Structures are given as C-alpha cells and as structure tokens.
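> Just the structure for this:
(chains A and B)
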Amino acid sequence: MQDAILTIRNLTVTFATATGSFTAVDGIDVRVSPREVLAIVGESGSGKSVSMLAVMGLLPETATVTADEMVFDGHDLLRLTPAERRQLIGREITMIFQEPIASLNPSFTVGFQIEEVLRLHMGLGRAAARARAIELFEAVGIPDPAAKIHAYPHQMSGGQCQRVMIAIAIATNPRLLIADEPTTALDVTIQKQILDLLTALQESHGMALILITHDIGVVAETADRVVVQYKGHKMEEADVLSLFEAPQHPYTRALLSALPENATGDRLPTVSDFFGAEGVR
Amino acid sequence: MSYVLEGEGLTQDYHIPGGLFGKARVLRAVKGASFRLEKGRTLAIVGESGSGKSTLARIIALIDRQSGGTLKITGETVDIGRHRPKPSLRSKVQMVFQNPYGSLNPRQKVGDVLMEPLLLNTDLPAPERRARAEAMLAKVGLAPEHFNRYPHMFSGGQRQRIAIARALMLNPALLVLDEPVSALDLSVQAQVLNLLADLQQEFGLTYVFISHDLSVVRYIADEVMVMNKGEVVEQGSREAVFADPQHAYTRQLFAATPITDVEAIRARVARRKALLAGA
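Coordinates of the predicted model:
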C-alpha cells in the first residue's frame, strides 16, 4: 500500500450551541492514498461533510477541532499558519460543493472566477490565464468555451455550473479533490456525465478524490474504498466490492437493504428493523 | 371499468410576457398527456427537471387549470377554470409535496394542521374533528403527544408523515405525491414508502407518484409514464417499461441510473485496477 496523502487519526469536531456542546464527528480516522477514490457515505447528521470541512478549515468559529493527527503530504493541518494554509488549501487540496450555482459568485463571469484562481495560485498573466481557462473549460466538456468564458453563472444550467466548479477545482493540478455531494442537485443523466468526468479527470490527473455522498448508487459507480458513517461515528470501512458483497456492520446492511432495487417482497426493511434507531455504536 | 383518474390530451401553456429583452411567447410545458388509472393503483410520472411532470401534477391536483384537454376525476369532468370545484370534489384529490420543511406552516401546531381541512371542507363538530385528527396521527405512525407540537420539532421523515396525514384527512380517492421521498434519507425513505403502501392497501387509495428516481418508481409503481420536455415519450405497465423500454430517452434514463449490482461493481473495479497498473 502506498503512503497516504491524507491521514486523519481520531478526529473529533464539537460545536458550541445554545443548549451545550454537540459532537458532530467523534473519533474518525481517514486515510487516502494518491490516485485513490474514497467515498464517505452517510445520511444527514452522520458528520460526513463536517470532517472534510475540518480538513479545509472551513468550519465556523463555534467548532472545536481536535485530532491526534491530521497530516496532508507532510503538512500538519492542525498547526498551519494562515499563510501556509493559503498555499495549501485551494491549490493542493480543492473542493466542490452540492449547489453549483450557489457556489459561484453571481456578480462575476465564470471566466473571471477561474482566471482569478489561475492568476493567484499559478502566477499566470492575464492572457495566459485566459488561454488556460479556455483549455480547462474544454477539458471539462463545456461547449464553445471561448464564448462561455463571458457568461454569468445564472446564464448556465446547473450541470454546466458544476463543470465550471470542477474546472476551477482542477485548475491548480491539486493532489486531492474533495467533492461534497457533487451531483445531488442534478438530474440523473447530468449526474452520470459529471461522475464520468470526475473519474476521468481523477485518472488522467492522478489525483486523490474524496467523494462525500448519501447516495449508495454513486458509491457503487465511483469509489475504490468506502467509509460508512452514522451519527459522527465510523461504522465500517472496506473496499467497494467487499462492502457491497459482504457488508460487515449491521448499519451498512440496513442501508443496502433499504435500497428499493434490493426489495424482496412487499416491504422495504428499514434501519430500525436491524436495531433500535437510537442505539447504534 | 371505472377509472379514478382520466386525462385526455392534457396540455398546459405558460404565457411568458415580452419585455425589454424579448417578445412575448408561449411555452407549452405539457404537450398532450393522456392516461387512465384504476382504483387502488399507482401511476408513476418520471422525468427530469423541465419535463413537465410537476406541471401535470398540479393540473391533476386541481391547483392549476389545464390549457387544453379533458380531466375526469372518478368519472366526473373537471374544469376548474369554468367552475370552482365544490368541496366534495376538492376532497377527492389531495396532494403531498416534495419538501416537508416548506409545506407545513411553522406557526401551526400539528393538530391544527390536520384539523384544518375538516374545518374548511366539512361541517363536523370540533370534538369529532379532533378525534379524527388523533386517529390519523396514529395511522401514520406518530404518537398522541405529537398533537400539540410545532413542525420544527420533527425530523424530515416525521414531517412528511404529517403532510401525508393532512392529505388523508378528507378521505380522498386520489393522492398526488410530488417527489414525496426525494428530500429524505435512504432509511427514512424506506419507512415512508412502506407507509404509503400500507395506506394504499387500507384505504384503497389511488396514487399519482411524481419522481425522478427510477429505483423508487420500479418499487412502487403499477404503471409508468416517462416525460421529456413536456412530451410523454413512453407509457405502459411497470413490467413492460422496465423490461423493454421503447423510447431512446427512457433507455438513456436507465443507462444513467447508478447500478448497485455486485457484478457491475466487480467489473468496474477490475477495469480500474488494470488502468492503475498500466499507469
């Protein structure tokens, strides 16, 4: 096994709320190797997004992040200075989000937004940034890229905006791309295109990809390895084939059997059929 | 044979007013949909955004008036543009919406949510309204103590149960469900789908189920109608549509739907291993 590019050990994230502290992530370990697609799967409240937002440093100030280890490629993410963080986040580690249209700034053209990244992180000049932006738009399959560079986000569809987000995310040749529910807001035919694009880029750029999703189907179609999370705890970790072939944890078995396509007989089993809804550890 | 729901050549036009940037134009959102549905059965309308499936749902649910075509509910021709529907007709068709966070009034207690349809459409006395609301609460799997709580105190799945309970208060013949489980987690989705199946059996309900999720449709539907850009491109029994899709768009939809089959995963993993070994 190759050395991991991202190693997280015993990550805990607590939020200070009006009614006391709330632990969203409780002792999670994550390891991603270069060129690997890791899927973190869970339902709402599983803490699947929070652990990756902790990596990105995007959590609000009410959050307390502790970990025994949180290292990306030799950099200790817990002890970065702001300047070091700016070198790393958005360049070596990039992220795309669920709502592509909301992720882009509505006041600027998409071309401006990708060129900003290229100028800031890659040190390109105006003309070089424009040329590279058109190349990148071409690479992510945006038709007529030279014209689309001048479009505003509201003039593009959701799928197109997600392609722009992906173009921005790969513009710096990152070592790790984190995709947080990248296709949840999209139609199923567009979802297929975006997932195909992400895996193709992952393979051609040799980057690691962390895919956060609630969708078991997306996991089946893209992941190499899977982490199943529930209420802030890791339930199971396995390579994708073993997970679907022989799920070990009762929660995983419950999730898989709740898929309508796995229905046997009239009723769908639910999580509470496997154990009380409360008592999962 | 008597049908609960019949549609014949239903169309819907939206008039887009002209302005500084363009001329006025007419957008035909539904281009002639025809269907018939027997009592106790489920028709699933499948499509992506912009397919016109929700527009059609709003016509069936008597929210919007159709631009053309005829709609019959339990054999009775309905044109809400010409005659305001009577309470007896309104009671026959009820709707459940996609987002249970948006479809419940945050200032209204659950009990009042359930009693309001009775207050508006029937002349039942207050104690009877209350008794029926409490009974319905139990039917959808909620507890009596939930009666005086507000919507924000419930999870998404529980709220969708409340929305379903509200829709059932008037003993409708037909329930229009517009993406009722797509905002819910997988395990909660399973519970709500089970609930819908139980209620359908108990009350002999007829469902129109709007969805973009083919695996849910395959599980719940008797008949399937696939829409694309306002047009009905395919229509038939679930078995026929899933076994042998005729239209290119239907096949495209099926091809795009993720497969969780172990053999498919095995093939994909093998392909990736070979690729990474070669690199």
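> okay, now A:H249: neighbour count?
Neighbourhood size, A:H249 [other CB atoms under 10 Å in any protein chain shown]: 18. Heads up, the C-betas are built off the backbone N, CA and C, glycines and all.
> ok, now the one 4 residues further on?
Residues near A:R253, counting by other CB under 10 Å, number 16.
> do the same with B:G32
Residues contacting B:G32 under the criterion other CB under 10 Å number 16.
> which stretch of helix or strand covers it?
Using DSSP states H and E, B:G32 sits in strand B:25-38.
> what are the C-alpha coordinates of whichever helix or strand comes after that strand, in CSV please?
Counting by DSSP H and E, the element after strand B:25-38 in chain order, helix or strand, is strand B:42-46. Taking C-alpha atoms only, strand B:42-46 is exported to CSV below (Å, rounded to 0.1, in the frame of the first residue of the first chain):
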residue,chain,number,x,y,z
THR,B,42,-50.2,3.8,-8.8
LEU,B,43,-49.2,5.8,-11.8
ALA,B,44,-45.6,7.0,-11.7
ILE,B,45,-44.7,10.0,-13.8
VAL,B,46,-41.0,10.0,-14.4
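> The strand holding B:G32 relative to strand B:42-46, how many degrees between them?
If you take axes from the mean of the first three to the mean of the last three CA atoms, to 10 degrees, strand B:25-38 sits at 150 degrees to strand B:42-46.
> okay, strand B:25-38 in CSV with CA atoms only?
Coordinates of each C-alpha in strand B:25-38 appear next as CSV, following Å, rounded to 0.1, in the frame of the first residue of the first chain:
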residue,chain,number,x,y,z
ARG,B,25,-44.1,33.9,-26.2
VAL,B,26,-46.0,30.8,-25.2
LEU,B,27,-44.2,27.9,-23.6
ARG,B,28,-46.0,24.6,-23.9
ALA,B,29,-45.0,22.8,-20.7
VAL,B,30,-47.2,19.8,-21.2
LYS,B,31,-47.8,18.7,-24.8
GLY,B,32,-50.8,16.4,-24.6
ALA,B,33,-50.8,13.8,-21.9
SER,B,34,-53.4,11.0,-21.9
PHE,B,35,-53.8,8.4,-19.2
ARG,B,36,-56.3,6.3,-17.2
LEU,B,37,-55.9,5.0,-13.8
GLU,B,38,-58.0,2.4,-11.9
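> who does it pair up with?
strand B:3-16 (antiparallel) (DSSP bridges).
> which residues in the stretch 151-281 of chain A form helices?
With DSSP state H, counting those that start in this stretch, the ranges of helices along the stretch 151-281 of chain A come out as A:158-170, A:188-205, A:216-222, A:240-245, A:250-257, A:271-274.
> Nearest to the middle of the chain, which residue? Look it up for me.
Defaulting to chain A. The centroid of chain A falls nearest to A:A179 when counting by CA atoms, centre = their mean (2.4 Å).
> ah, I was thinking of chain B
Centroid check for chain B by CA atoms, centre = their mean gives B:L177 as the closest residue, at 2.0 Å.
> What sits closest to the closest residue to chain B within chain A if chain neighbours are left out?
Residue of chain A nearest chain B, by CB to the nearest CB: A:G217 (2.8 Å). Leaving aside its chain neighbours, A:G217 sits nearest to B:P258 (2.8 Å; criterion: CB to CB, 6 or more residues apart in numbering or on different chains).
> where do the strands sit along the chain?
All of this is about chain A. Along chain A, counting by DSSP state E, strands occupy A:6-17, A:20-32, A:37-41, A:63-66, A:69-72, A:75-76, A:93-96, A:176-180, A:208-213, A:225-230, A:233-239.
> My question was about chain B, not that one.
Under DSSP E, chain B gives strands at B:3-16, B:25-38, B:42-46, B:68-73, B:76-78, B:93-96, B:174-178, B:206-211, B:223-228, B:231-237.
> Output those in a markdown table, with mean pLDDT appended to each entry.
A markdown table is the format used below for these (pLDDT from 0 to 100):
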| stretch | mean pLDDT |
| --- | --- |
| strand B:3-16 | 93 |
| strand B:25-38 | 93 |
| strand B:42-46 | 96 |
| strand B:68-73 | 94 |
| strand B:76-78 | 91 |
| strand B:93-96 | 95 |
| strand B:174-178 | 95 |
| strand B:206-211 | 95 |
| strand B:223-228 | 96 |
| strand B:231-237 | 95 |
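> From chain A, how far off is B:P180?
Distance from B:P180 to chain A, counting by CB to the nearest CB, to the nearest Å: 13 Å.
> what number of residues lie near A:S44?
Neighbour count for A:S44, taken as other CB under 10 Å: 14.
> and it, what does it touch?
Contact analysis of A:S44 by CB atoms under 8 Å, 6 or more residues apart in numbering or on different chains lists A:214, B:156, B:185.
> Same check on B:L174?
B:4-5, B:60, B:73, B:92-94, B:205-208.
> most neighbours, which of these?
Neighbour counts for the contacts of B:L174 (other CB under 10 Å) peak at B:V208, which has 28 neighbours.
> Make sure that residue is actually in contact with B:A33.
No - contact criterion CB atoms under 8 Å: B:V208 and B:A33 do not qualify, at 11.4 Å.
> For residue 219, grab the count of nearby residues.
As the question left the chain open, I've gone with chain A. By the criterion of other CB under 10 Å, A:V219 has 24 neighbours.
> nope, chain B please
Per other CB under 10 Å, the neighbour tally for B:Y219 reads 20.
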